[in-house]
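Novice: Got a predicted structure here, sequence first:
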Amino acid sequence: MHKIRFLVKIDNIELPDFPLLLAPMEDVSDPPFRALCKENGADVVYTEFISSEGLIRDAAKSVMKLDIYEKERPVGIQIFGANLESMLKSVEIVEKTKPDIIDINFGCPVKKVVSKGAGAGILKDIDLMVSLTEAMVKHTNLPITVKTRLGWDHDSIKIVEVAERLQDVGCKAISIHGRTRAQMYKGDADWKPIAAVKNNPRMHIPVFGNGDVTTPEKAMEMRDKYGLDGAMIGRASIGYPWFFNEIKHFFKTGEHLPKPTIVERTEMARRHLQMAIDWKGERLGVVETRRHYTNYFKGIPHFKEYRTKMVTSDDPKDVFDVFKEVETKFGNTLITEI
């Protein structure tokens, strides 16, 4: 049995015991996908990361990412940057859209972000990381949270000290990906340093783990063995928003929920595509939903020709027609493995 646990709070936002958070993922965590994850058990959702420089020059793509559906709340808007003035201006812009949380991305390992000193690039300058966070906390009444990695590389892991310093300047929660920047997404995530952050007696803000939560058993291990306050889930949810409820059901019963049927998968993909079209128009809606189809229809034998049609059709009607075809042809197929 795991020890008695209490509600988790991000500032004044009350969350259930061991909340499940949808990670901010570029070109994935848009309002349609966030809404579907919320419906299926996500407790907090985050926007894809938004460039502070893009926001202050009113770049259309950045501004569009500020859209929030009421049904998503609590929702965090995540911004990245390394220039203090730009970050403070972007806080003012973000505040107007009334999110529940503003999250700072200090973890993105991608070269185009890191080369500007932002994302995981700031892990080379911890003092700047702390001073930026402090300035943003002072600049808004909204809770500021941070997402970061263990360190720049294996030889510079100082996450226990970093987390404590961020807490001391007013950060209200921290999500830590169990890899260094040097690892990118390779190798296995190491949750031991995240547990060390949680076990620091000076820490009182929630500490969320991220990286390789791919099964309900892994989520349970993060909770019971590593003692973390919640799990932030990224890649395992792409094209599979059911994952959050599967974890919760497993926590409650120790059993796995039955996998969604072909009809349920098709209906979810159909809703996802329609919501994406309604939000960003036909062209973008069709193109940006494609990355989800592999997972929506994973494990169906002899499916390749249908998947190819889904990801190459530019007309939404053609994609919706493929969904119908799939229901007709595979409706009774059982999928046991994901």
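Specialist: Now that the structure is in, tell me what you want to look at.
Novice: could you point out which element follows the one helix or strand residue 79 maps to?
Specialist: For residue 79, the element it lies in under DSSP states H and E is strand 75-80. On the C-terminal side of strand 75-80, the nearest following helix or strand under DSSP H and E is helix 84-95.
Novice: now the angle from that next one to strand 75-80?
Specialist: If you take axes from the mean of the first three to the mean of the last three C-alpha atoms, to 10 degrees, helix 84-95 sits at 160 degrees to strand 75-80.
Novice: quick check: mean pLDDT across helix 84-95?
Specialist: Helix 84-95 carries an average pLDDT of 86.
Novice: swap in stretch 158-171?
Specialist: In this model, stretch 158-171 carries a mean pLDDT of 94.
Novice: follow-up on the earlier one: so for the strand holding residue 79, mean pLDDT?
Specialist: Mean predicted confidence for strand 75-80 is 88.
Novice: And for stretch 226-246?
Specialist: Mean predicted confidence for stretch 226-246 is 96.
Novice: for that stretch, the distance to its chain's centre please.
Specialist: 9 Å (C-alpha atoms, centre = their mean, to the nearest Å).
Novice: Tell me which residues are up against the host helix or strand of residue 53.
Specialist: Using DSSP H and E, the element containing residue 53 is helix 52-56. Residues outside helix 52-56 that contact it (C-beta atoms under 8 Å, 6 or more residues apart in numbering) are 61-63, 66, 79-81, 83, 86-87, 89-90, 93-94. Using the backbone N, CA and C atoms, a C-beta is placed for each residue, glycine as well.
Novice: Buried members of the residues you listed into ChimeraX, please.
Specialist: The buried residues among the contacts of helix 52-56 can be selected in ChimeraX (16 or more other C-beta atoms under 10 Å) with this line:
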select :62,66,79,80,81,83,86,87,89,90,93,94
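Novice: Would you convert the contacts of helix 52-56 into a markdown table that also reports distance to residue 296?
Specialist: Formatted as a markdown table, the contacts of helix 52-56 follow (distance: C-beta to C-beta, whole Å):
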| residue | distance to residue 296 |
| --- | --- |
| 61 | 25 |
| 62 | 28 |
| 63 | 29 |
| 66 | 27 |
| 79 | 30 |
| 80 | 29 |
| 81 | 34 |
| 83 | 39 |
| 86 | 37 |
| 87 | 36 |
| 89 | 39 |
| 90 | 34 |
| 93 | 34 |
| 94 | 31 |
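Novice: list the buried ones in whatever helix or strand residue 9 lives in?
Specialist: Taking DSSP H and E as the criterion, residue 9 maps to strand 8-10. Within strand 8-10, the residues that count as buried by 16+ other C-beta under 10 Å are 8, 10.
Novice: let's have the chain start at 230 instead
Specialist: That works, and once the first residue is 230, the last one we named lands at strand 237-239.
Novice: Run through the neighbouring helices and strands of that strand.
Specialist: Here strand 237-239 touches strand 242-244, going by 3 or more C-beta pairs under 8 Å, 6 or more residues apart in numbering; DSSP states H and E.
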